[in-house]
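Trainee: Any chance you could fold what I've pasted below:
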Amino acid sequence: MNKSIEKMADIKTSDEDIFTQTESDADDFEKMLSDFISKEFDDNLQEAQQELEELQENFDAQQTEDTKDTSFTDSAGENSLPLGEHEFSLFRAYRNFMYAIDVLSEENNIPQMTMHLTEEKLYPHFKKRAGFAVSRDILKGWDILLELFPEEMKEVQPNSSDDALLDVAEQCTNENMQLAMISYVETIIELEGCEIDYEARKIKYERKKLEKQIYEEHQQRVERTKKYINAIKEKNFPIDAERLVNNYFRLSNKDPEGAFKALTTNPATFAPIDFAKIRDRFFGMIKVKPQDGIRINQKIGHFLKKLRV
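Mentor: Next up is the predicted model:
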């Protein structure tokens, strides 16, 4: 039984309520990123983002994605909106149910119900608010069936099994009641199919959003890495800037605080000081000593501590 029907059966809802790292770590990341980029996600990202925005804005935005070439034909014989397969079947079953209820209401001088589901609410895809509209309407129709056919309906509930509901339809002699019961079952089945499609789309869009975030974060890291490397090179420090920065960022993925502390107090942890690039002082009279490496290491750390990129 469809979950929306079960929820609506327990809660009476008004019309207003319905519509108001290490090296290996780095390699794994680069491989994942390469695989992701190879999917050419840019071509599909705009479409996914449009539907994601609809979900995030309580489904008020209209989607512009291509839909299947299935045209619904209304009672006047004119083509209406092109709906997807499940949306088309849902609306047809729902409309048949409402038609049967209207005929029964007219025959018994009962006020006719208002159809709250329209094709527009199913285009281009099913949305949660459409599911609530369907559930509320068919439950109101159920109440009319129960009022008009108490004996036939006494053994079943709105959330009874499909077989139990179809047994009632098979045994009843009123053709419109039979149509209503069969259409009720069809509506529930198609509603569940639409909800499954909806959840699948939602997962797809969330995955696209996550992939986009991963890509953007990687791009930001690349840009920040370049800025660090260029800033160090501009100072002509006797150290391999690329090695220093890349090793720092790998460690910072696992331990940001520890990596930054090591970078600003002992940058040689990430790349050794290149003594060959340290010049002798006083025109070569004072030769380079180990203490010079310590001094330069501290100087680089002090520079990086103040560096903002």
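Trainee: neighbours around E155, how many?
Mentor: Neighbourhood size, E155 [other Cβ atoms under 10 Å]: 10. C-betas here are computed from N, CA, C, even on glycine.
Trainee: quick one: contacts for it?
Mentor: A164, V168 (Cβ atoms under 8 Å, 6 or more residues apart in numbering).
Trainee: so how far is N108 from it?
Mentor: Distance of E155 to N108, given as Cβ to Cβ, to the nearest Å: 22 Å.
Trainee: and stretch 167-180, which residues are buried?
Mentor: V168, A169, C172, N174, N176, M177, Q178, L179, A180 (16 or more other Cβ atoms under 10 Å).
Trainee: So which of these belong to helices?
Mentor: V168, A169, N176, M177, Q178, L179, A180 (DSSP state H).
Trainee: Would you reformat these as TSV and include pLDDT and distance to I188?
Mentor: Below are those laid out as TSV (pLDDT from 0 to 100; distance: Cβ to Cβ, whole Å):
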residue	pLDDT	distance to I188
V168	93	14
A169	93	13
N176	95	19
M177	95	17
Q178	95	16
L179	96	15
A180	95	13
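Trainee: Pick the one among these closest to Y94.
Mentor: A180 (11.5 Å; Cβ to Cβ).
Trainee: nearest residue to that closest one other than its sequence neighbours?
Mentor: A100 (3.8 Å; Cβ to Cβ, 6 or more residues apart in numbering).
Trainee: And that neighbour, what's its pLDDT?
Mentor: pLDDT for A100: 96.
Trainee: rewinding a little: tell me which two of the ones in helices among the buried residues of stretch 167-180 sit farthest apart.
Mentor: V168 and N176 (13.7 Å).
Trainee: Count residues in the vicinity of A276, would you?
Mentor: Neighbour tally, A276, other Cβ under 10 Å: 7.
Trainee: Can we start the residue count at 47 from this point?
Mentor: That works, and once the first residue is 47, the last one we named lands at A322.
Trainee: What residues does it make contact with?
Mentor: Counting by Cβ under 8 Å, 6+ apart, A322 has contacts P284.
Trainee: Distance of it relative to D286?
Mentor: From A322 to D286 the distance is 12 Å (Cβ to Cβ).
Trainee: now do V214
Mentor: In terms of Cβ to Cβ, V214 sits 81 Å off from D286.
Trainee: got any ranges where the stretch 97-246 of the chain has weak pLDDT?
Mentor: 97-126 (pLDDT under 70).
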